[in-house]
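J.: Model the structure of this input:
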Amino acid sequence: MSKYSVQNRYARQLAGIGHVGSYQVSGKPFVTGSTALLNGAQAQIDFPSVARSVTVINDSTTDIRISFTDKDRGNTHSGKHYIKLTETRDSMTMNVKCKQIFIYADGGLAQFTVFAELTHIPSGSMYDLTGSGITE
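T.: Model (predicted):
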C-alpha cells in the first residue's frame, strides 16, 4: 500500500457513534434549563449533536426525575428507570452518549439546569435508547 493510500484512508474517517476519538476530546458546551416546569410536566431536552457527558442540577426544592425516554414509553417511570434529584442544588453527571434527556417535575414547580459536553457526531446518527434499564 502506498503512502498516499494510507493517508487518504485516514483522512476519510468521520466522527460517528463508534468513533472513540469523538468521546476522548473535550466536548462543545451546551447549557439550558427551566424556571417553570409545572408539577407533572415533562421537559424534553434535545441536543444538537450527540452528548458525551450530561450534568443535571436541581435548582428548586421540587424533586425532579431524569430519564432517557419519555415518561410514558414502556415502563420508564413505573419501572423506576429514572434518576431522582430531591434536594436543592443536587446534581448528577452522567458520562453517557445520548441525543436527548427528559426531566419530569415531581411535586411542584421545578427549576433545573442542564450542562452537556457535545461531540461533533450528528444527533441523527444516535439510536433511540430503549430496552433493559431504560424502558423495561
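J.: going forward, measure contacts between C-alpha atoms and count neighbours the same way
T.: Noted.
J.: Verify the stated contact: residue 79 with residue 136.
T.: Yes - here residue 79 reaches residue 136: they are 6.8 Å apart, a contact under C-alpha atoms under 8 Å.
J.: Compute the distance between residue 72 and residue 93, please.
T.: Using C-alpha to C-alpha, to the nearest Å, residue 72 is found at 24 Å from residue 93.
J.: how about the strands in this structure?
T.: With strands called from DSSP state E, the chain shows them at 28-37, 42-58, 63-67, 83-85, 91-94, 98-106, 110-122.
J.: so what strands line up beside the last one?
T.: Which is strand 110-122. strand 28-37 (antiparallel), strand 42-58 (antiparallel) (DSSP bridges).
J.: More neighbours: residue 72 and residue 93, which one.
T.: Neighbour totals were compared for residue 72 and residue 93, and residue 93 leads with 13 against 10 (other C-alpha atoms under 10 Å).
J.: show me what contacts the more buried one?
T.: Shown in contact with residue 93 (C-alpha atoms under 8 Å, 6 or more residues apart in numbering): 53-56.
J.: Buried ones among those?
T.: 53-54, 56 (16 or more other C-alpha atoms under 10 Å).
J.: Identify the bridge partners of the nearest residue to residue 83 once chain neighbours are set aside.
T.: Distance criterion C-alpha to C-alpha, 6 or more residues apart in numbering; nearest residue to residue 83, sequence neighbours excluded, is residue 66 at 5.1 Å. Bridge pairing for residue 66 (DSSP bridges) gives the partners residue 83, residue 103.
J.: Next: residue 92.
T.: residue 56.
J.: Isn't it up against residue 55?
T.: Yes - contact criterion C-alpha under 8 Å: residue 92 and residue 55 qualify, at 5.5 Å.
J.: what about residue 29, how many neighbours?
T.: Residue 29 has 11 neighbours, counted by other C-alpha under 10 Å.
J.: Leaving out the residues flanking it, which one is nearest to it?
T.: Nearest to residue 29 is residue 117, by C-alpha to C-alpha, 6+ apart, at 5.1 Å.
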